[in-house]
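> okay, sequence plus prediction incoming.
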Amino acid sequence: MPELPEVHGYKTFMERTVLHQNIIGLDCRDTRLLKRSLSEFENQLIGYEFESIERIGKYVFINLNNSKVLVMHFGMTGRPHYYKNEQERPKFGHLQIKFNNGYHFAFENKRKFGWWDLTNSISDYKAAHKLGTDARTLAFEDFYASVRSRKTDIKKVIMDQSVAAGVGNWMADEILYQSKIHPKTRVEDMDSSEIQRVFDAMKLVIEVAIENEAHYEDFPKHFLMHFRKEGGRCHHTDVEIKKTKVGGRTTYYSSEWQDNLD
DNA sequence: CGTTATGTTTCACT
DNA sequence: CAGTGAAACATAAC
C-alpha cells in the first residue's frame, strides 16, 4: 500500500499518538525486520521518547530525545497501529513498542518487506541511501535537472527514489495517465514541456491523494485508480486499459489516451 | 498448486 | 559511470 500519500497519513497518525511518552518496552517477533541487532534497538529506544517525526518519500524518521533517529520503512504491506490493550495487537504486528501511559504502538507488516534502522543523522542517511528530495516539495528545476540526462523509460525515472522520493508503482501509473504520456516513453524523446506536464501531474496526484487521505474511492472520477485493473475502461476514451511491464513492475495505461507511442 | 502483490537491494552483464 | 534484467527477501491472498 504505502507510497508517499499513505506514508504521509501514517506520519500524521503517529504524530498524534506516539510522541512525548517514555518507551518502556520493545517486543520483536522477527529480528529480520531490524537492520541492526535487537539489543542496539533496546539500548537506543527504551527509556527514551519520540520527539518529532519527519518524512522523506516513503521513509519515516523519528527523532528521539537522545539525538538518535529511528528510521522506518513500511515496505509493501506496512501500517502503524496504536491501542491500549495488548489483545488488540494486529496479527502481523511483528514489532511492538510499549509506552509508560499503557498504550502500545505496533508496526504491522504482513510481507516483512518493511524494516527499522537507526541513524545519527538524517542527512548522512539520505546520502548513503541515495534518497532524493521529497516529491511533494521538489522544485521543477531540480526535477528537470535529474530527469533530462536519463536514457530510459519515463516511468522508471519517476519511480527512482533519488529523483523524486515517494513515487511508487500506482502513483507512477496515475501520474503518467494524468500527463497523457505513455509509460515506456524514453526520456531522451521528451521535450521540456512534456517533462513539465509529468511534473505538474506528480504534484496534482500527490495533493489529491493527501487531501483524500489516500482513499482511492474518493479520488476524482477521471483518476486511473478507479479503473486500474484488468478489464478496466479509460474514463476519457472508454477503451480497455492495457497491462504491461515496465522496469519489472506491472504497469496499467490507456493506449489511446496516452497515445504518444502506441 | 500457481500467480500476484502499491518496495528495496544486490549482482552479473552490456 | 549508466543502465538492464533478474533474483532475492517473505508471505498472504486469490
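Yep, that arrived. Numbers count the residues shown, from 1 in each chain, chains lettered A, B, ... in the order given.
> and the residue in chain A that DNA strand C sits nearest to, how many neighbours?
Closest contact between chain A and DNA strand C, by CB to the nearest atom of the strand, is at A:Thr152 (3.1 Å). In this view, the C-beta of every residue, glycine as well, is placed from N, C-alpha and C. By other CB atoms under 10 Å, 14 other residues sit near A:Thr152.
> tell me where chain A has strands.
A:23-28, A:50-56, A:59-64, A:69-73, A:78-83, A:93-99, A:104-109, A:115-119, A:242-246, A:249-253 (DSSP state E).
> partners of the last one in the sheet?
The one in question is strand A:249-253. With DSSP bridges as the test, strand A:249-253 is paired with strand A:242-246 (antiparallel).
> any idea how far A:Glu174 is from the closest residue to DNA strand B within the stretch 151-262 of chain A?
Residue of the stretch 151-262 of chain A nearest DNA strand B, by CB to the nearest atom of the strand: A:Gly168 (2.1 Å). A:Gly168 is 10 Å from A:Glu174, where distance means CB to CB, to the nearest Å.
> DNA strand B contacts on the stretch 101-250 of chain A?
A:111, A:113, A:129-130, A:159, A:161, A:168-170, A:249-250 (CB under 7 Å from any atom of the strand).
> same thing but 6 Å
Within the stretch 101-250 of chain A, the positions near DNA strand B by CB under 6 Å from any atom of the strand are A:111, A:113, A:129, A:161, A:168-170, A:249-250.
> re earlier: what sits against the residue lying closest to the residue of the stretch 151-262 of chain A closest to DNA strand B once chain neighbours are set aside?
Excluding the flanking residues, the one nearest A:Gly168 by CB to CB, 6 or more residues apart in numbering is A:Glu3, at 3.7 Å. The contact partners of A:Glu3, by CB atoms under 8 Å, 6 or more residues apart in numbering, come to A:58, A:166-171.
> phi, psi of A:Glu3?
phi -120, psi -170 (degrees, to the nearest 10).
> report pLDDT for it.
For A:Glu3, the model assigns a pLDDT of 94.
> against A:Ser162, how distant is it?
In terms of CB to CB, A:Glu3 sits 16 Å off from A:Ser162.
> just the buried ones from the residues of the stretch 101-250 of chain A next to DNA strand B?
Neighbour counting by 16 or more other CB atoms under 10 Å classes A:161, A:168-170, A:249 among those as buried.
> and the helices in chain A?
Under the criterion DSSP state H, helices of chain A are mapped to A:4-17, A:38-45, A:122-128, A:140-148, A:154-158, A:169-179, A:192-211.
> what's the neighbour count on the spatially closest residue to A:Phe140 that is not a sequence neighbour?
Counting by CB to CB, 6+ apart, A:Phe140 lies nearest to A:Phe199, which is 5.3 Å off, once chain neighbours are set aside. A:Phe199: 21 surrounding residues under other CB under 10 Å.
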